[in-house]
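**Q** Here is my input; please provide its structure:
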Amino acid sequence: MRISLPAAGRPTEDLLAEMRAMKSGDADWQGGKVPLYVFKAEDSVTEIGKAAFFEYFSENALGGGRAFPSVKRMEDDVVAMALGLFNAPDGGRGFMSTGGTESIVLAVQACRDWSRKQRGDAGHRGNIVASETLHPAFNKGAKLMDLDVRRAPVGPDLRMDLAAVEALIDDNTIMLVGSAPNFPYGMIDPIAALGEIATRRGLWLHVDACVGGYLAPFVRMIGRPIPDFDFVVPGVSSLSADLHKFGFCPKPASTVFYRDADKAQHHIFDADVWPNGRFVTTTIVGTRPAGGAAGAWAVLNHLGVDGFKRIATNLMRFIDDYKDGIRATPGLHIHGAPDLSIVAYGSDEFDIFRVAEVMGAKGWLPGLVQRPKGIHRMMSMFHAPVLDQYLDDMRAAIGVVRQEAPTKAKIKANY
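**A** I've put the predicted structure just below:
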């Protein structure tokens, strides 16, 4: 299908009106009907993030080191604050990126190049070993770099099976990965035990904290049990964490960190191959919105530790209520033992995917997990005001499904 560029321009008011009309068919994320993609803390956080982003609407973060030193300063400040938050040792280094996938791909590339240097084999094809709950972004990075990914099945409790993971390691393994938390069930992998394996076998351990990185430290500060997951574990070589998830910063904003400068140097792209001279970047993309850096800097400084602790307190209280509501509903159980904001639940008595279909007809965008089948939600404060409505609609949907003749749900788990 092709469409022609308009011969004449259209007034701003007309275009905005058409855009708003198009949005009327979108899922109601502001009303808490969407189980992921958008994250909220407090109205003031949204406003400062938006204001900061538009303050730097036209600037290009690619030019931060030359044309826009203020952007470089804000990125450096964000990274420095996060290095402390994640207990990085002296010499630790970090970089901003545009999202979790980019942070992960950059860490995989750094590990690949570091490993090849250690082996003295510039063409070595390595493999990555992790649990089956590993985010697909690692497969994306592996595909780009001609690496293999090996996934071990989880145990009966849906947690990482350490013995199964270690059994997949061979002489070509370059990276182990643990998640904090994993995306399907919301549980933090045993990072300390993985660190022991990585240290013993001389392997790079990456922690994918893209979801939980900017939430878990503050949940621990308010007195809730969070297992060690960051650079406090000696075997951790790198860590990724998304600011635009539970850092509540405007998109796009993520971070990736390295234990030392030796590993971090492999992150950087540096080429002097064209007439313009040397070209150095620390991201895969070139041009990127400076608003992402500005928004992150503003939000972190606006909230501070006290603000993040306040949000963590409110969010985790709400999630406790949510989990209590699931457990109190006959026929439902929670998958595993979620540590943070992701909760998946299912049933042995009825088709939970069919329940999701019925709820979808009421405007709830379904999030799903396929093994084992369940409804999946990654929650922020958008979801708190509609908790009772959600539980009521969920229980009504269960009632509908229980009364139906067995019907195979058409809906599929798909992100």
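
**Q** Might you list the low-confidence residue ranges for the protein?
**A** Counting by pLDDT under 70, the chain has low-confidence residues at 415.

**Q** show me the contacts for Thr46.
**A** Applying Cβ atoms under 8 Å, 6 or more residues apart in numbering, we find Thr46 in contact with 40, 248. (C-beta placed from N, C-alpha, C; glycine too.)

**Q** Surely Cys134 touches Arg150?
**A** Not Cys; residue 134 is Leu. No. Contact between Leu134 and Arg150 fails when scored by Cβ atoms under 8 Å: they sit 9.6 Å apart.

**Q** For Val105, which non-adjacent residue is spatially closest?
**A** Sequence neighbours aside, Gly141 is the residue nearest to Val105 in space, at 4.1 Å (criterion: Cβ to Cβ, 6 or more residues apart in numbering).

**Q** ah, wrong one, I meant Val233
**A** Gly195 (4.1 Å).

**Q** any idea how far Met145 is from the one you found?
**A** Gly195 sits 24 Å away from Met145, going by Cβ to Cβ, to the nearest Å.

**Q** in the stretch 251-400 of the chain, which spans are strands?
**A** In the stretch 251-400 of the chain, the strands defined using DSSP state E, counting those that start in this stretch lie at 254-258, 269-271, 279-281, 332-334, 342-347, 368-370, 373-378.

**Q** mind giving me CSV with those strands and columns for distance to Phe246 and mean neighbour count?
**A** Putting the strands of the stretch 251-400 of the chain into CSV (distance: least, Cβ to Cβ, whole Å; neighbours: other Cβ atoms under 10 Å) gives the following:
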stretch, distance to Phe246, mean neighbour count
strand 254-258, 12, 29
strand 269-271, 29, 11
strand 279-281, 27, 12
strand 332-334, 20, 18
strand 342-347, 11, 23
strand 368-370, 20, 18
strand 373-378, 9, 23
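
**Q** Could you provide the ones you listed in CSV, with additional columns for distance to Phe353?
**A** As requested, those are arranged in CSV below (distance: least, Cβ to Cβ, whole Å):
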stretch, distance to Phe353
strand 254-258, 31
strand 269-271, 43
strand 279-281, 43
strand 332-334, 14
strand 342-347, 9
strand 368-370, 7
strand 373-378, 6
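
**Q** For Ala110, find the nearest of those.
**A** strand 254-258 (6.9 Å; Cβ to Cβ).

**Q** thinking in terms of the whole chain, how far from its middle is the closest one?
**A** Between the centre of strand 254-258 and the centre of its chain there are 12 Å (Cα atoms, centre = their mean, to the nearest Å).

**Q** Could you do stretch 86-103 as well?
**A** 14 Å.

**Q** ok so, going back, give me the residues contacting whichever strand or helix holds the residue nearest to Val233.
**A** Under the criterion of DSSP states H and E, Gly195 resides in helix 191-201. Residues from elsewhere that reach helix 191-201 (Cβ under 8 Å, 6+ apart): 160, 162, 165-166, 169, 173, 176, 178, 180, 203-205, 207, 227-230, 233-237.
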